[in-house]
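Undergrad: Sequence and predicted structure below; questions after.
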Amino acid sequence: MKGNNLRIKDIGEFALIERLVEVLGPAGRGAGQGVIRGIGDDAAVLQNNPGTRLLASCDMLVEGIHFDLSYFTPRQLGWKALVANLSDIAAMGGRPRWALVSLGLKPEMKVSFVEEIYAGIAELAGKFGVTIVGGDTCSSPERLVIDICILGEAYRAEVAYRSGAHEGDLILVTGKLGAAAAGLAYLREGGKAAIDGAEELRQAHLKPVPRVKEAAILIHSGMVGAMNDISDGLASELHEIVQASGCGARIWTERLPISQATALMAAHTGVNPLDWALYGGEDYELLLTISGEKGSPLKARKLGRTLAKATGTPLNFIGRILPLSGTVEMVRPDGEIEPLLPEGYNHFKE
């Protein structure tokens, strides 16, 4: 059996790994990237830069739970699988360095399909200087599983924690909110909704861009208190900051950055776009706080201009940190204040 019809069960694990290493190309070699020994031994041997702390995170994607293969090409799936990991490192103020990729594969799956997953991983890894240094493969007869572990580094003084928020701090968010959820709604309709900005929504769900460069600029400003990435939804991530910092928070819903395309898709489906912005998840934007001292709004605007000039990504002021521990509120446009519940994506919620 040859070409695109070749299946995993026809070549076995070791031949598959050899082919995947070839697909990775430079992203799997790591020369000059702190890789003393990468793929090909029992464990990778790595060297972080002097004075840095190692950051470690992992994310697993399971077919039918986290993704639907009727929406994704295998290359898009590989890209998105790595996005979640890069976003975690960015949220900690770090630089992503190395990743290990483990796959649970159906024996009947075509080799070319798996190679395309790795091509997507390699494409994104190459954009951010990440080297794939190992991983594992196993049989998973029912569902495709992708599990990626990532290692990054950050200088001790630059690590950003969720616990760094203080009373009076400004709450800021990068980019736009709710676009990934709007993109999923668009795809579930078969991509037939005739709205302006439809491609923007598709890309937001299928091929989001992690805010690694943005995080580096924010951290180097010396202004960041707490930071978190928006993977499970703004409401959920804000509650995590509040709980870790022992404070409260208030946001103004009219300040939440929602794109016109997201608003149009929401109108088309009869959904309140605010629900997507607060609870949709997978936007992979950065939620952060900066000091609320005198002159801070002016500093925030200056930081926003710097960020937009360097990356094209806007920075939006959406609220303030409160002294009341555990209290999270949202203010409606009419001034009504109501609790903001910690809802969002939950892996074990039925």
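TA: That came through fine.

Undergrad: The nearest residue to residue 223 once chain neighbours are set aside: neighbour count?
TA: Nearest residue to residue 223 in three dimensions, chain neighbours excluded: residue 290, at 4.4 Å (Cβ to Cβ, 6 or more residues apart in numbering). Glycine gets a C-beta too; all of them are placed from N, C-alpha and C. Residues near residue 290, counting by other Cβ atoms under 10 Å, number 26.

Undergrad: who's residue 290 bridged to?
TA: Residue 290 forms beta bridges with residue 170, residue 224, as assigned by DSSP bridges.

Undergrad: can you pull out the helices in the stretch 201-350 of the chain?
TA: Along the stretch 201-350 of the chain, the stretches classed as helices by DSSP state H, counting those that start in this stretch are 212-220, 234-245, 260-269, 273-279, 296-311.

Undergrad: out of those helices, which comes closest to residue 21?
TA: helix 212-220 (24.6 Å; Cβ to Cβ).

Undergrad: got the angle between that closest one and helix 296-311?
TA: 140 degrees (axes from the mean of the first three to the mean of the last three Cα atoms, to 10 degrees).

Undergrad: now what about helix 212-220, what contacts it?
TA: 86-87, 89-91, 93-96, 128, 154, 158, 160, 174, 224, 227, 286, 288, 303, 306-307, 310-311, 313 (Cβ atoms under 8 Å, 6 or more residues apart in numbering).

Undergrad: For ChimeraX, write the selection for the buried entries among those.
TA: To isolate the buried members of these in ChimeraX, using 16 or more other Cβ atoms under 10 Å:
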select :86,87,89,90,91,93,94,95,96,128,154,158,160,174,224,227,286,288,303,307,311,313
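
Undergrad: What about the contacts of helix 212-220, which are in strands?
TA: 95, 96, 154, 174, 224, 227, 286, 288 (DSSP state E).

Undergrad: would you turn the residues you listed into CSV with distance to residue 275 and pLDDT?
TA: Below are the ones in strands among the contacts of helix 212-220 laid out as CSV (distance: Cβ to Cβ, whole Å; pLDDT from 0 to 100):
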residue, distance to residue 275, pLDDT
95, 34, 97
96, 31, 97
154, 34, 97
174, 20, 98
224, 28, 97
227, 24, 98
286, 21, 98
288, 23, 98
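
Undergrad: pLDDT below threshold where in this structure?
TA: Within the chain, the stretches with pLDDT under 70 are 1-3, 30-32, 344-350.

Undergrad: and with 80 instead?
TA: 1-4, 29-33, 191, 343-350 (pLDDT under 80).

Undergrad: rewinding a little: got the helices of the stretch 201-350 of the chain as JSON lines, with distance to residue 60 columns?
TA: Shown next, in JSON lines, are those (distance: least, Cβ to Cβ, whole Å):
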{"stretch": "helix 212-220", "distance to residue 60": "21"}
{"stretch": "helix 234-245", "distance to residue 60": "18"}
{"stretch": "helix 260-269", "distance to residue 60": "28"}
{"stretch": "helix 273-279", "distance to residue 60": "22"}
{"stretch": "helix 296-311", "distance to residue 60": "29"}
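
Undergrad: Which residues are in contact with residue 201?
TA: Shown in contact with residue 201 (Cβ under 8 Å, 6+ apart): 179, 182, 183, 186, 261, 262, 265.

Undergrad: ranking those by neighbours, who comes first?
TA: Those, ranked by neighbours (other Cβ under 10 Å): first place residue 182, 35 neighbours.

Undergrad: tell me the contacts of that one?
TA: Per Cβ under 8 Å, 6+ apart, neighbours of residue 182: 201, 204, 205, 261, 262, 265, 266, 273, 276, 280.

Undergrad: Now the fourth one. Nearest residue, chain neighbours left out?
TA: Nearest-residue entry for residue 261: residue 197, 2.6 Å, with adjacent residues in sequence omitted and distances by Cβ to Cβ, 6+ apart.

Undergrad: distance of the one you found from residue 154?
TA: Using Cβ to Cβ, to the nearest Å, residue 197 is found at 35 Å from residue 154.

Undergrad: need the strands for this structure, in chain order.
TA: Using DSSP E, strands in the chain cover 35-37, 45-46, 52-62, 95-105, 131-139, 145-155, 170-174, 224-229, 248-252, 286-290, 315-322, 328-331, 337-339.

Undergrad: quick one, which of those is packed in tightest?
TA: Comparing the strands of the chain by mean neighbour count (mean count of other Cβ atoms under 10 Å), strand 286-290 ranks first with a mean of 27.

Undergrad: What is it packed up against?
TA: In terms of contacts (3 or more Cβ pairs under 8 Å, 6 or more residues apart in numbering; DSSP states H and E), strand 286-290 is packed against strand 170-174, helix 212-220, strand 224-229, helix 234-245, helix 296-311.

Undergrad: My guess is residue 258 contacts residue 273. True?
TA: Yes: counting by Cβ atoms under 8 Å, residue 258 touches residue 273, with 5.1 Å between them.
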